[in-house]
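# here you go, sequence then predicted model.
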Amino acid sequence: MTASFSQFKSRYEKSKIKEFQNSLCTDPLVSVSIITYQHVSSIKQCIEGILMQQTDFKFEILLGEDDSTDGTREICIEYAKKFPKKIRLFLHSHDNNIFIDGRPTGKFNVLYNLFSARGKYIALCEGDDYWTDPLKLQKQVDFLEANLDFAICFHNVFVETKSGEKYIANIIPKDKENETVFSITDLARTNFIHTTSVLFRNGLIEEFPDWFFKSPAGDYPLHMLNARKGLIKYFNEPMAVYRSQIGIWSSTSRQVQLTNLVKVLDLLILEFKDDEMVTRNLTLQKYIHINEILLIEFENSRIEEFRKLLRQTVNENPEFAIYWTENGMNKIINDKNEAEKNLRLIRNSTTYKTLKKIGIFK
């Protein structure tokens, strides 16, 4: 466990962070965390959307700049100089990157901001997204101040495509689309919280578990850990813009995204193993993503990869066969011979007898 900021820095900070010495208030009600890297074309709009917030409370902007080379860093320095009573600028170095699966990530930057936050509440906005409603923070803070049994609140967003077109995101599961109050059990079904929309109480996570630093994604695990401590409020109005296919995560291939999501879900399933309902929903979500990966492999004629993944998944998760036979197999098997071939594949697995016992194969 990494329990304190000092422990975190001792473990991961190889090069000292350069913090812009601005004269901010020491008791903000809200800390707004911006993580930015190579966002030269969007970071101004991101910062301006936060500076325009109309509030009856003080807030600070934590601006974590991750050693960009495209001019983003210079823009951040310019804003920090211009708004010394609002912006705390942290200039990061790649020396401190936390590697996951052999690849550098921005997780150090994210966690440095979270540990540095002095506000009672924390809001998030990545450097390629932006807020559009000047009362966004006020609305969210007012709600959490009046409802102590809620840990998180979030709202709908506009999704902006590469071509500049915008549409309202359909983020809530269809069977819950008329609801505005959710629990961790609902969140375990799917991550319906856009990062740029969220506000949560600071200090809900006493210690970040070690697996958090190995997770390919940080936002969903963060929301799940926070949701342990209270309910989730949804405002069904778009108050920000999420830019699709622009960020590092959203620009990766669908298959890579799904593979990383499965890894995240495996970590969450272990973390919440004592909560049967949450574990069940996380497991079902995992099966949905694996099923989509299988279909991608099949549709791209990577039959050997498809069979290898199917065999491996059934061996590791025997109950996945129930989900797959009901949701995946009937989408790709069009004739009896192909069906028999794939059933033989599973029969050759070490779990076939178990599957037969529980009635999956007659």
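Perfect, thanks for sending it.
# residue 147: what's it in contact with?
Shown in contact with residue 147 (C-beta atoms under 8 Å, 6 or more residues apart in numbering): 231, 233. Backbone N, C-alpha and C define where each C-beta goes, glycine included.
# oh, I was asking about residue 15
When contacts are taken as C-beta under 8 Å, 6+ apart, residue 15 is in contact with 93, 95-96.
# so which strand or helix has it?
Under DSSP states H and E, no helix or strand contains residue 15.
# what do you get for residue 193?
Per DSSP H and E: nothing holds residue 193, as it lies in no helix or strand.
# do you know the pLDDT at it?
Per-residue pLDDT puts residue 193 at 96.
# surely it and residue 154 touch.
Yes. Counting by C-beta atoms under 8 Å, residue 193 does reach residue 154; the two are 4.7 Å apart.
# need the overlap of contacts for those two.
residue 232.
# this protein: helices as residue ranges?
Remark: helices assigned in the chain by DSSP state H are 5-12, 43-51, 72-82, 107-116, 136-146, 184-187, 219-227, 254-271, 276-299, 303-316, 320-327, 329-332, 336-347, 352-357.
# what distance do you get for residue 174 to residue 189?
From residue 174 across to residue 189, the span is 11 Å (C-beta to C-beta, to the nearest Å).
# of those two, who's got more company?
residue 189 (18 against 7; other C-beta atoms under 10 Å).
# around the nearest residue in space to that one that is not next to it in sequence, how many other residues sit close by?
Once flanking residues are discounted, residue 189 sits nearest to residue 281: 4.7 Å by C-beta to C-beta, 6 or more residues apart in numbering. Per other C-beta under 10 Å, the neighbour tally for residue 281 reads 20.
# which residues does residue 281 contact?
Taking C-beta under 8 Å, 6+ apart as the test, what residue 281 contacts is 185, 188-189.
# closest one of the residues you listed to residue 205?
residue 188 (17.0 Å; C-beta to C-beta).
# check the residue nearest to the closest one when sequence neighbours are not counted and give its pLDDT.
In space, and not counting its chain neighbours, residue 188 is closest to residue 281: 3.7 Å by C-beta to C-beta, 6+ apart. pLDDT recorded at residue 281 is 93.
# quick check: buried residues in stretch 83-96?
Within stretch 83-96, the residues scored as buried using 16 or more other C-beta atoms under 10 Å are 83, 86-92, 96.
# tell me the bridge partners for the closest residue in space to residue 73 that isn't next to it in sequence.
Nearest in space to residue 73, with sequence neighbours left out and distances taken as C-beta to C-beta, 6+ apart, is residue 65 at 5.1 Å. Per DSSP bridges, the residues bridged to residue 65 are residue 36, residue 91.
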